[in-house]
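Peer 1: with the sequence up front, the predicted model follows.
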Amino acid sequence: MRFTIFLTCVVLAIALATVVVLLNLIASWDEEDQAGNALYGAVPAARGENDLRIEGFISSDRIEPGKPVECWFIIQNMGDHPVTGVKLSKWAAAGFAPLVLRPREKPVLDVAAKDFFRIDGVLRAGPVPQRFRATAEFSWRDGNVQRAKGITLGPIAIRGATEPRVYAVSRRAVGLLKDLALPIVAVLLTYWFTTRQHESEFRQSAQNIMLTKSHENVECHYGPLAIASLNAGSRIKSLDASVSTAVHEALFYLLLFMKRSRVMYLKIGVYYLSSRKGEAIISRCADIVISRISQAIGLEARTAAVSKVKPTMEFWYFKKNVVMTAEVKVVEDLLRHWSKNEKEKLTFLAAVFRLYTVVLGNEMNVPYRFWYTNENLDPLPAMDEELAVIAAVDAALAKMYGEYVTFAGKAWKYDPPAGTARA
């Protein structure tokens with residue numbers, strides 16, 4: 001009887017100590033969460049371009065409602081000639097109180113020179129606790145061309161002002177009970193808690209790093225590439241060599257796609273997407289497009305033509321200043337020849353562009369499925385027409401898409417529509 005009472009007391013002591021320890025851990029974490037760290041971000045200049053490097057600083061990533069915070073930027077001209085009219089033209093930060101932006105323009109920024117920009121007025125946290133990112137856009141003139149470039153800093157947290165009072169209560173309870181029950185609890189929980197904690201910390205750290213990296217890559221590379229691919233595929237599919245405007249549009253978006261692919265390679269090396277299967281399809285599609293052009297006109301001619309296009313170039317500028325250059329004329333003649341004599345080559349490239357656009361669009365949206373909580377990912381299309389064209393030339397690539405559809409349905413919890421190709 002006495003042993004039963006003693007065992008019951010031990011069990012109750014362990015249970016009570018466990019609850020108190022958990023409260024203490026949670027409260028300690030909450031108190032630690034109140035601390036803030038300075039934020040720093042940098043957007044490097046594009047290699048081979050007359051571009052600016054942008055560095056941004058925010059004095060704290062955790063701010064109490066209504067409290068001020070310091071924010072400033074350093075701009076450096078990394079090009080080979082001066083630029084003019086550098087200014088902070090846009091500012092967006094949902095968690096800060098509304099701010100009237102008064103752009104300060106730098107008349108001339110010499111080569112390698114730096115300039116300092118600070119947000120005018122007092123930058124204050126808004127009244128509502130939330131997490132957000134701050135985005136600033138700088139614009140300048142490079143000769144006769146107006147250019148712009150953005151930088152994103154975050155995540156920033158507007159925290160609640162309530163003190164973690166439970167910490168003081170639980171700390172006293174732990175002081176009373178730790179000599180009796182904590183050693184027993186520690187023996188039972190150390191292995192389990194340590195293992196789970198390490199796994200959770202590693203997973204959370206990896207997820208935070210990759211989410212930030214993914215968002216930056218979508219803004220700088222994947223989004224522009226998807227747009228260029230979509231436009232190139234639609235123009236090439238319906239290309240009529242007798243209509244000069246149609247030829248020039250197809251030519252522009254084809255070269256723009258290859259230029260942005262080159263810039264992405266120089267900046268980040270490879271694709272960092274949500275799945276290796278998606279990366280494999282995207283990489284293969286891009287390689288097919290580039291290699292087909294290189295095989296037809298030669299590597300040097302393809303490289304020379306791509307060098308005439310800037311990643312932010314617009315069609316009107318291309319048509320006015322670039323399309324008649326000898327380097328670009330080589331690719332134009334190739335498209336006209338294929339349109340008249342080898343239409344199947346353009347049909348194949350259009351199908352490859354369509355596959356690239358669909359898979360890249362899905363891979364870009366996967367990380368945001370936790371953000372858009374009331375929406376589902378769009379089911380992947382069947383693409384029977386495009387896959388039939390691709391399978392006749394590259395059966396392995398068509399099979400990869402079928403396997404990808406099956407994988408996506410299992411990994412991201414949506415079913416493909418009826419008729420979708422499967423492995």
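Peer 2: Arrived safely.

Peer 1: not counting sequence-adjacent ones, nearest residue to Asn362?
Peer 2: Closest residue to Asn362 apart from its sequence neighbours, by CB to CB, 6 or more residues apart in numbering: Leu380 at 6.2 Å. Every residue, glycine included, has its C-beta placed from N, CA and C.

Peer 1: what about that neighbour, which SS state?
Peer 2: Assigned state for Leu380: coil (three-state reduction, DSSP: H, G, I helix; E, B strand; the rest coil).

Peer 1: Gly154 too?
Peer 2: strand.

Peer 1: does it really touch Ala134, like I thought?
Peer 2: Yes - with contact defined as CB atoms under 8 Å, Gly154 counts as touching Ala134 (6.1 Å).

Peer 1: of the two, who's got more company?
Peer 2: Ala134 (24 against 18; other CB atoms under 10 Å).

Peer 1: what helix or strand does the more buried one sit in?
Peer 2: Here Ala134, judged by DSSP states H and E, is contained in strand 130-142.

Peer 1: can you tell me how far Leu251 is from Ala228?
Peer 2: 12 Å (CB to CB, to the nearest Å).

Peer 1: who has more neighbours out of the two?
Peer 2: Neighbours were counted for Leu251 and for Ala228 using other CB under 10 Å; Leu251 has more, 28 against 24.

Peer 1: quick one: the strands in the stretch 101-250 of the chain?
Peer 2: 106-109, 114-118, 130-142, 145-158 (DSSP state E, counting those that start in this stretch).

Peer 1: quick one: list the elements packing against the one helix or strand Phe407 maps to.
Peer 2: Take DSSP H and E as the rule and Phe407 turns out to sit in helix 395-411. If you count contacts as 3 or more CB pairs under 8 Å, 6 or more residues apart in numbering; DSSP states H and E, helix 395-411 packs onto helix 276-297, helix 343-365, helix 384-393.

Peer 1: now those helices in a markdown table, with mean pLDDT?
Peer 2: Shown next, in a markdown table, are the helices and strands packed on helix 395-411 (pLDDT from 0 to 100):
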| stretch | mean pLDDT |
| --- | --- |
| helix 276-297 | 94 |
| helix 343-365 | 94 |
| helix 384-393 | 94 |
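
Peer 1: which of the ones you listed sits closest to Gly56?
Peer 2: helix 343-365 (23.8 Å; CB to CB).

Peer 1: below-threshold pLDDT in the stretch 201-350 of the chain: ranges please.
Peer 2: Along the stretch 201-350 of the chain, the parts satisfying pLDDT under 70 run over 201-208.

Peer 1: can you map out the helices along it?
Peer 2: Residue ranges of the helices in the stretch 201-350 of the chain, as given by DSSP state H, counting those that start in this stretch, are 223-237, 244-268, 276-297, 299-307, 315-317, 326-341, 343-365.

Peer 1: let me know which of those is the nearest to Lys87.
Peer 2: Short answer: helix 315-317, nearest of these by CB to CB, at 21.9 Å.

Peer 1: thinking again about what came up before, of all the helices of the stretch 201-350 of the chain, which lies closest to Glu105?
Peer 2: Of the helices of the stretch 201-350 of the chain, nearest to Glu105 by CB to CB is helix 315-317, at 23.5 Å.

Peer 1: okay, buried residues for that closest one please.
Peer 2: Tyr317 (16 or more other CB atoms under 10 Å).
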